[in-house]
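Enquirer: Generate coordinates for the sequence data below:
(one chain, ligands or ions: 2)
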Amino acid sequence: MTSSTNKGKVNPDLINERNKCTFNTLELTHLLDGDEVKTKERKSRESFFLDDADLKTEVPIEYLSHKEKYEEAVRKACIVFRKVQQLQNEGKAGVDNYREILGGQLGSALLKDGHPLTLHYVMFIPTLMGQATIQQQAEWIQKAWSCNIIGTYAQTELGHGTFIRGLETIATYDPKTEEFVLDSPTLTSYKWWPGGLGQSANYAIVLAQLYTLGKCHGIHPFIVQLRDEETHEPLSGIIIGEIGCKLGMNTTNNGYLGFNKVRIPRTNMLMKNNQVLPDGTYVKSPSSKLTYGTMIFVRVVLVQDAATYLKKAATIATRYSAVRHQSQIKPNEPEPQIIDFVTQQHKLFPYIATCFAFQYSATWLWELYNNVTGELESGHLDNLPELHAASCVLKAVSSADAALGVETLRLACGGHGYMTSSNLPTTYGLVTAMCTYEGENTVLLLQTARFLIKIWQNKTNVTNLPTVRYLQNSLNRNSPFEKTVSWIISALQQTATGKIDLANRHINERVKKGEAYEDAWNNTSIELVAAAEIHGRTFIVETFFSTVQKLRKQTSVELGTVLSQILELYAVYTILRSTGDLLRFTRTSSQDIELLQGWLEELLAAIRPNAVGLVDSFDMRDEVLASTLGAYDGNVYQRLFEEAQKSPLNSEPVNKSFHLYLKPFMKSNL
Ligand SMILES: CCCCCCCC/C=C\CCCCCCCCCCCCCC(=O)SCCNC(=O)CCNC(=O)[C@H](O)C(C)(C)COP(=O)(O)OP(=O)(O)OC[C@H]1O[C@@H](n2cnc3c(N)ncnc32)[C@H](O)[C@@H]1OP(=O)(O)O
Ligand SMILES: Cc1cc2nc3c(=O)[nH]c(=O)nc-3n(C[C@H](O)[C@H](O)[C@H](O)COP(=O)(O)OP(=O)(O)OC[C@H]3O[C@@H](n4cnc5c(N)ncnc54)[C@H](O)[C@@H]3O)c2cc1C
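Expert: Ligands and ions are numbered 1, 2, ... in the order given. Model (predicted):
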C-alpha cells in the first residue's frame with residue numbers, strides 16, 4: 001500500500017480502485033526509486049523539507065503580487081539550501097538531491113513556479129567544474145558551493161539565443177593591464193533570460209566573443225562579478241534588471257544584463273579548454289565544442305525532469321478520473337467514473353506509460369553522459385558527437401511529449417483542470433518552457449538530423465554507436481506483422497531509416513539541381529526534423545524494452561505482467577502516431593494497422609484496473625502534487641470549495657467596485 005501524508009477519509013471510488021489493483025504498488029515504488037532503501041531515503045528527505053513549517057505558504061502564491069512572489073521565493077530558497085547544506089554536512093546529500101530539489105518532484109512542491117537559485121546549481125557550478133582550470137576551481141568552487149557567491153549562466157541575448165556564434169557581447173583583451181574589457185555594443189547584445197540574474201545573483205558566467213591581439217576567436221566563458229558582495233548594488237558599468245512576467249516560471253527571476261566597458265582580470269576567463277596568455281597569445285583547445293559542455297549536461301538532466309512533471313500530471317488526472325462521475329454509457333445506468341470512457345483511458349494511460357519510458361531513457365542518457373565526460377577528461381572526443389545527438393533528441397522529444405501530455409491531462413480534467421488549484425496550468429507553464437530553453441526543440445532535432453545524415457552519407461561504421469546501430473541493416477527488411485514489441489521496434493527502425501534515407505536523397509537531388517548544400521538542407525528540413533523525431537522515439541521504445549526485459553528478472557510475476565503491458569502500450573501508441581510513415585516505409589498493411597488499433601484497445605482495457613495503482617506507485621505526496629484534483633484521498637469537491645475560499649475576493653461580501661462602478665452604471669438612465 002502506497003503511503004500518503006493525507007489523513008482524510010478516502011473517497012470510496014479510490015478505495016475500490018486500490019482494492020482491485022493486481023500488483024503490489026510498493027514493489028513498483030521501490031523499483032522506480034532503485035530499491036527499498038532508496039525509497040526510504042527519499043521519503044525521509046521529503047519529510048525533512050515538506051514537514052518544515054517555515055517552508056509552507058499560507059496564501060496561495062497566485063494571489064501575491066509579482067514582487068511578493070519573488071520575495072517569498074527567495075525566503076524559501078534560502079531555507080531550502082540551508083537544509084541541503086545540513087544534509088551535505090551529514091553526508092546525506094549528493095547530486096541527485098539537487099536534482100530532486102531543483103527539478104519537478106520536491107522542487108516544485110517547495111517553490112511552485114520556479115526557483116531563483118536554479119541556475120546557480122544547474123549551470124553556474126557545473127560550468128566552473130567543466131570549464132575552469134584547477135587553479136580557477138580552487139578560487140571559485142568552494143565559494144559557489146557554500147553560496148558565498150550566487151551565480152548564473154548568461155549566454156542568451158536579446159538578439160540571439162539559438163545561434164550562439166552570433167552573440168554580440170565582446171570581451172577584448174588588454175595585454176597592458178592583463179584584463180578583459182566587457183562591452184555590450186548594441187541593445188540586441190544585452191543578455192536576456194538568465195535565471196536568477198534579475199536580483200538574486202552577484203556573479204555570472206558570461207559568454208562573450210573573445211578578441212585578442214586584434215583577432216576574434218569566437219565565444220568563450222568568463223566569470224564576472226555583477227554586484228557588490230556586501231551591498232548587492234550593481235557594480236560600475238553593469239546595467240541589470242528583471243525581464244518581467246512570463247507564461248510560467250515567474251519566480252525564477254530571469255534577468256537582463258548590459259556591460260559598459262567593464263574590466264575583469266585575465267584569470268577570469270575560464271581556461272580549462274582555451275587560453276589567453278598574459279601577452280595576449282591565444283591557445284586553442286582540441287575541440288571548439290567543449291565550451292558547449294554545460295548545455296549537454298542540462299539537456300541530459302532535463303529528460304528526467306520531463307518524466308517527473310508528467311508523473312505529476314498523470315497522477316492528478318488519473319485519480320480525478322476515478323472520482324469524477326459524469327454522463328451515461330448505457331441508458332438507465334448510474335453515471336460512470338469518467339475513467340471508464342475509452343477515450344478518457346486513451347488520454348491517460350499512454351502518458352502513464354510515457355513516464356516510465358522517459359525515466360528509463362533518462363537513466364540510460366545519464367550513464368552515457370558520465371562515460372563520455374570521463375573520456376573527455378582523458379582527451380578522447382570520439383563519442384562526443386553521439387552524446388550530443390542523443391541528448392538533443394531526447395531533450396526535444398521528452399519535453400515536447402511531456403508538454404503535450406500535461407496539456408492533454410489537463411483537458412482530461414474538464415473545467416476543473418483549468419483551475420489554478422488543480423496545479424495543471426502551473427505544471428504546464430513549467431514544462432512547456434523546457435521546449436524552448438536549453439536549445440529550442442526544432443533546432444535540437446536538426447542537430448540530431450545532422451549527425452544521422454552524416455552517418456548515413458559517410459556509411460560510418462556504427463557497430464559501437466548504440467543509438468544508431470540499427471542503421472546498419474534496417475532498410476528494406478521484410479517483416480510481416482507480429483504482435484510483439486520486437487516487431488514494433490523493428491518497424492520503427494525501418495521507418496526511421498527510410499525517412500533518413502529519403503531526406504538524404506532529397507538533399508542530394510536539390511544539390512544536383514544546383515542548390516548550395518546549406519539551402520538544400522534548409523529546404524529539406526521539415527523531413528529532417530521528422531526523421532530525427534522518429535529516430536528518438538524509436539530509441540526510447542528500444543530502451544524501455546531492454547529495461548523491462550532486465551527488470552522482469554527481478555520482479556514478481558504480477559508486477560512483471562503490468563510492466564509488460566505498459567511497455568506494449570507505449571510501443572503501440574508510439575507506432576500508431578506514425579501510421580502514415582509506417583505505410584510508406586515498411587511493408588505494414590492497413591490490416592496490420594487495424595490489428596495495432598485492436599491491440600491498443602486491449603491494452604487500455606487490461607491496464608484499466610491498475611491505473612490508480614500505477615500512479616499511486618509514483619508515490620507523490622499531496623504537497624508535491626499540490627492539487628485539488630489529485631490528492632491521495634480523492635476529496636476533490638471539498639478541496640475545490642476550500643481553495644475557492646482563499647480568493648481575496650471572498651474576504652468581504654460586497655466589493656468596493658460595486659459602489660464605485662457597477663451600481664452607478666446599473667442605475668444610470670441612458
Ligand atoms: C555536477 C554538478 C553539481 C551541481 C549540482 C547540480 C545538480 C543539478 C542537477 C539537476 C537539476 C535538474 C533540475 C532541472 C531544472 C531545470 C530548470 C532549468 C532552468 C532553465 C535553464 C535554461 C538555461 C538556458 O537556456 S542556457 C542557454 C541554452 N542555449 C542553448 O541551448 C543554445 C542552443 N544553440 C546551440 O546549442 C548551438 O548554437 C547550436 C548547436 C544550435 C549550433 O551551434 P554552432 O552553430 O556553433 O554549431 P554548428 O551547427 O555549426 O555545429 C558545429 C559542430 O558542433 C556540433 N555541436 C554543436 N553543439 C554541440 C555540443 N553542445 N556538443 C558537442 N558538439 C556540438 C555540431 O553537431 C556540429 O558537428 P559536426 O561534426 O556536424 O560539424
Ligand atoms: C524560461 C526560460 C529560461 C531561460 N533561461 C536561460 C538562462 O538561464 N540562460 C540563458 O543564457 N538563456 C536562457 N534562456 C534562453 C533560451 O536558452 C533561448 O530562448 C533558447 O535557446 C531559444 O533561443 P531563441 O530564444 O533565440 O529562439 P529563436 O532561435 O529565435 O527561435 C525562434 C524560432 O526560430 C526557429 N529557428 C531558429 N534557428 C533556427 C535554425 N537554425 N533552424 C531552424 N529553425 C530555427 C526556432 O525553431 C523557433 O521556431 C531561457 C529561456 C526561457 C524561455
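Enquirer: CA only for contacts and neighbour counts going forward, please
Expert: Noted.
Enquirer: What parts of the stretch 301-450 of the chain come near ligand 1?
Expert: For the stretch 301-450 of the chain, the residues in contact with ligand 1 (Cα under 6 Å from any ligand atom) are V301, L302, L384, P385, H388, Y437, E438, G439, V443, Q447, R450.
Enquirer: Quick one: which of those is the most crowded by neighbours?
Expert: With neighbours defined as other Cα atoms under 10 Å, the most crowded of those is L302; it has 25 neighbours.
Enquirer: what's that residue in contact with, if anything?
Expert: Neighbour list for L302: K395, S399, M434 [criterion: Cα atoms under 8 Å, 6 or more residues apart in numbering].
Enquirer: Could you list the residues of the stretch 151-300 of the chain in contact with ligand 2?
Expert: Contacts of the stretch 151-300 of the chain with ligand 2, taken as Cα under 6 Å from any ligand atom, map to Y153, A154, Q155, T156, H160, G161, T162, W193, P194, G195.
Enquirer: which among those residues are in contact with ligand 1?
Expert: When contact is defined as Cα under 6 Å from any ligand atom, those meet ligand 1 at Q155, T156, G161, T162.
Enquirer: now the last one, nearest residue through space, not along the chain?
Expert: Once its chain neighbours are removed from consideration, T162 has its nearest residue in G439; the separation is 6.5 Å (Cα to Cα, 6 or more residues apart in numbering).
Enquirer: Can I take it that the one you found is in a strand?
Expert: No: per DSSP: H, G, I helix; E, B strand; the rest coil, G439 lies outside any strand segment and is coil.
Enquirer: now it: how far from S391?
Expert: Using Cα to Cα, to the nearest Å, G439 is found at 11 Å from S391.
Enquirer: Pull the residues that contact stretch 422-441.
Expert: The contact list for stretch 422-441 (Cα under 8 Å, 6+ apart) reads 112-114, 162, 247-249, 295, 298-299, 302, 306, 309, 313, 316, 395-397, 399-400, 402-403, 406-407, 410, 416-420, 625-630.
Enquirer: What about the residues you listed, which are in helices?
Expert: If you go by DSSP state H, the contacts of stretch 422-441 have 295, 298-299, 302, 306, 309, 313, 316, 395-397, 399-400, 402-403, 406-407, 410, 625 in helices.
Enquirer: before we move on, back to that, show me which of the contacts of L302 is closest to D96.
Expert: If you rank the contacts of L302 by distance to D96 using Cα to Cα, K395 comes first, at 18.5 Å.
Enquirer: and the closest one, how many neighbours does it have?
Expert: K395 has 32 neighbours, counted by other Cα under 10 Å.
Enquirer: got the contact list for it?
Expert: Residues counted as contacts of K395 (Cα under 8 Å, 6+ apart) are R299, V300, L302, V303, N441.
Enquirer: if we go to 10 Å?
Expert: K395 is in contact with 296, 298-306, 358, 362, 389, 434-435, 438-441, 444-445, 536, counting by Cα atoms under 10 Å, 6 or more residues apart in numbering.
Enquirer: Kindly report the same for N11.
Expert: When contacts are counted by Cα under 10 Å, 6+ apart, N11 touches A322, V323, Y632, D633, G634, N635, V636.
Enquirer: neighbour-wise, which of these leads?
Expert: Sorting the contacts of N11 by how many neighbours each has (other Cα under 10 Å) puts Y632 first, at 28 neighbours.
Enquirer: Check which element follows the helix or strand bottoming out on mean pLDDT in the chain along the chain.
Expert: Every helix and strand in the chain was compared by mean pLDDT, DSSP states H and E; the lowest is helix 95-102, with a mean of 82. For helix 95-102, the succeeding helix or strand toward the C-terminus, using DSSP states H and E, is helix 106-110.
Enquirer: Buried by neighbour count: which residues of the longest helix belonging to the chain qualify?
Expert: The residue-count maximum for a helix in the chain (DSSP H) belongs to helix 342-377. Using 16 or more other Cα atoms under 10 Å as the test for burial, helix 342-377 gives 344-366, 368-369, 372-373.
Enquirer: Looks like V300 contacts Q359 (just checking).
Expert: No: here V300 does not reach Q359: they are 11.6 Å apart, not a contact under Cα atoms under 10 Å.
Enquirer: Overlap of the contact sets of the two?
Expert: Common contact partners of V300 and Q359 (Cα under 10 Å, 6+ apart): L365.
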